[in-house]
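In: kindly generate the corresponding structure for this input.
(4 chains)
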2 protein chains.
Amino acid sequence: MELESKFRLTKEGEKIFGNGPCLLLETVRKLGSLSKAAKELNMSYSKAWSMINRSEKALGCLLIDTQIGGTGGGGSNLTPVAEYLIKAYRDFYKEAIYILDVLYRKYFEGF
Amino acid sequence: MELESKFRLTKEGEKIFGNGPCLLLETVRKLGSLSKAAKELNMSYSKAWSMINRSEKALGCLLIDTQIGGTGGGGSNLTPVAEYLIKAYRDFYKEAIYILDVLYRKYFEGF
DNA sequence: CAACGTTGTTTTTTCATTAGGATAACGCTC
DNA sequence: GAGCGTTATCCTAATGAAAAAACAACGTTG
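Out: Below you'll find the model as predicted:
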């Protein structure tokens, strides 16, 4: 038996940030492009775009800095806010997973 | 900004137990009937039944002890396994929520 | 100035999960 | 044996998410 845990930051019920957007942003940082990141993660561009867009709307500030046209057609890079959020979420996540595993063993060891 | 957390016990990907089944079982214990519990929670009987059934299948043992027919048409009562699971889950949940709130403030206080 | 690959956006279609409705079986009570 | 309320089960409908398609706008490159 295993424990599955999910976390999500919200603002008045609106989704702001979670595992999906975090992974997507990290891939954007690696590839410098939202469309390439979507391909890498096997999701449609429109889904990737709407994930970022929704987070930005709920958050009230930009997560990616985009360029349309130009060399290579354009691209996307992370804003400082996005970098901050990713780091905070990853640190939080790592610690949370560790503690929850301890709790899980404490309460469900026998099962 | 708030943190939303969800937990679920699984076995090889199959859902075993979580917030929904736990609340449903607690309501069954209170009312002595699965159909009454479903009404109290505003869900259809078939949904309530399938929730329990799926958990039992994944778990490999019974969670409710049912009687069909007889006085009042029958009814359902919790098995010792169900009682054990409910208590373990509630204790786990309470402690997990507390710790996660501490972590949340630690990492996202500024936001 | 044409080509290219990207972003931005809308619309349509597909798909999976969930919710609900209908019905049979059951056993006690009257 | 009829009536009742429950459990058990199946089948259909509704909801919502995901995917896909389509197209305009953009700016550098050659």
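In: could you find the closest non-adjacent residue to A:Lys106?
Out: Closest residue to A:Lys106 apart from its sequence neighbours, by Cβ to Cβ, 6 or more residues apart in numbering or on different chains: B:Phe92 at 7.7 Å. Every residue, glycine included, has its C-beta placed from N, CA and C.
In: quick one: mean pLDDT for the helix or strand hosting that neighbour?
Out: Assessed by DSSP states H and E, B:Phe92 sits inside helix B:80-108. Averaged across helix B:80-108, the pLDDT comes to 96.
In: helices and strands around that helix, which ones?
Out: In terms of contacts (3 or more Cβ pairs under 8 Å, 6 or more residues apart in numbering or on different chains; DSSP states H and E), helix B:80-108 is packed against helix A:80-108, strand B:2-11, helix B:19-31.
In: circling back to that earlier point, so the residue nearest to A:Lys106 is in contact with A:Tyr104, correct?
Out: Yes. At 7.1 Å, B:Phe92 and A:Tyr104 qualify as touching, with contact defined as Cβ atoms under 8 Å.
In: so where's chain A shaky on pLDDT?
Out: Chain A contains no residues with pLDDT under 70.
In: centroid-nearest residue for it?
Out: Residue closest to the mean C-alpha point of chain A, counted by Cα atoms, centre = their mean, is A:Cys22 at 1.5 Å.
In: what sits closest to that residue if chain neighbours are left out?
Out: Using Cβ to Cβ, 6+ apart and skipping the chain neighbours, the partner closest in space to A:Cys22 is A:Tyr89 (5.2 Å).
In: next SSE downstream of the host helix or strand of A:Ser35?
Out: Using DSSP H and E, A:Ser35 maps to helix A:34-40. Going down the chain from helix A:34-40, the next helix or strand is helix A:45-59, by DSSP H and E.
In: and that next one, what does it pack onto?
Out: Against helix A:45-59 (3+ Cβ pairs under 8 Å, 6+ apart) you get strand A:2-11, strand A:14-18, helix A:19-31, helix A:34-40.
In: tell me which residues are up against it.
Out: With contact meaning Cβ atoms under 8 Å, 6 or more residues apart in numbering or on different chains, helix A:45-59 is reached by A:10-11, A:14-17, A:20-21, A:24-25, A:34-35, A:37-38, A:41, A:62-64, A:81.
In: using the three-state scheme, assign A:Cys61.
Out: Per DSSP: H, G, I helix; E, B strand; the rest coil, the secondary structure class of A:Cys61 is coil.
In: what is the burial count for A:Arg54?
Out: Neighbour count of A:Arg54, defined by other Cβ atoms under 10 Å in any protein chain shown: 14.
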